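Undergrad: Provided below are the primary sequence and the corresponding predicted coordinates.
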Amino acid sequence: MKKVAVVYWSGTGNTEIMAEKVLEGAASTGAEAKLFVASDFNADMMDEFDVIAFGCPSMGAEQLEDSEFEPMFDSCRPKLSGKTIALFGSYGWGDGEWMRDWERSCSRNGAVLVCESLILMETPDADGEAECAQFGKTLAQ
């Protein structure tokens, strides 16, 4: 049974909805899945999980949230090498540049991206929620 962590930051609730659906999808496979807000997760916890899904919305000029999420994620960077992860988040404008930049950064740090990153515009609709649940199932397999 895989141990999956879903770690996120959400300002408006959109990425929180995504995180909850990712968690549900992972748990539906029988995986041991846990949900964390960014402030409750740290690099010391990374070794406890087989797969970690990190979720953060696009902020400002298409960047990660910089007061809580980015400092937590930066502390995890040294442990990314060889770690299986996935990335997700919501956005309200732009074209997903923040996610492409984040993926490149993770790859440079040696992370193994288990699947294509998931980005959704604004609040997830029923189809978006289903995509999140499938994303969670993919993580856990």
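TA: Perfect, thanks for sending it. Residues are numbered from 1 along each chain as shown.

Undergrad: only C-alpha atoms for contact and neighbour calcs from this point on.
TA: Fine.

Undergrad: so how far is stretch 131-141 from its chain's centroid?
TA: Taking CA atoms, centre = their mean, to the nearest Å, one finds stretch 131-141 lying 11 Å from the centre of the chain it belongs to.

Undergrad: So what touches it?
TA: With contacts defined as CA atoms under 8 Å, 6 or more residues apart in numbering, stretch 131-141 is touched by 2-4, 18-19, 21-29, 31, 51, 53, 86, 114-115, 118.

Undergrad: Which among these count as buried?
TA: Buried members of the contacts of stretch 131-141, scored by 16 or more other CA atoms under 10 Å, are 2-4, 18-19, 21-29, 31, 51, 53, 86, 114, 118.

Undergrad: Now do the residue nearest the centre of the chain against Asn109, distance only.
TA: Closest to where the C-alpha atoms of the chain average out (CA atoms, centre = their mean) is Phe54, at 2.2 Å. According to CA to CA, to the nearest Å, Phe54 stands 15 Å off from Asn109.

Undergrad: same question, Lys34
TA: 24 Å.

Undergrad: Touching the lengthiest strand in the chain from outside, list them.
TA: Longest strand of the chain, by residue count under DSSP state E: strand 84-91. Strand 84-91 has contacts (CA under 8 Å, 6+ apart) with 14-15, 18, 50-59, 99, 103, 111-123, 139.

Undergrad: Report pLDDT for Gly92.
TA: The per-residue pLDDT reported for Gly92 equals 89.

Undergrad: Tell me who's in contact with it.
TA: Taking CA under 8 Å, 6+ apart, one finds 58, 121-122 in contact with Gly92.
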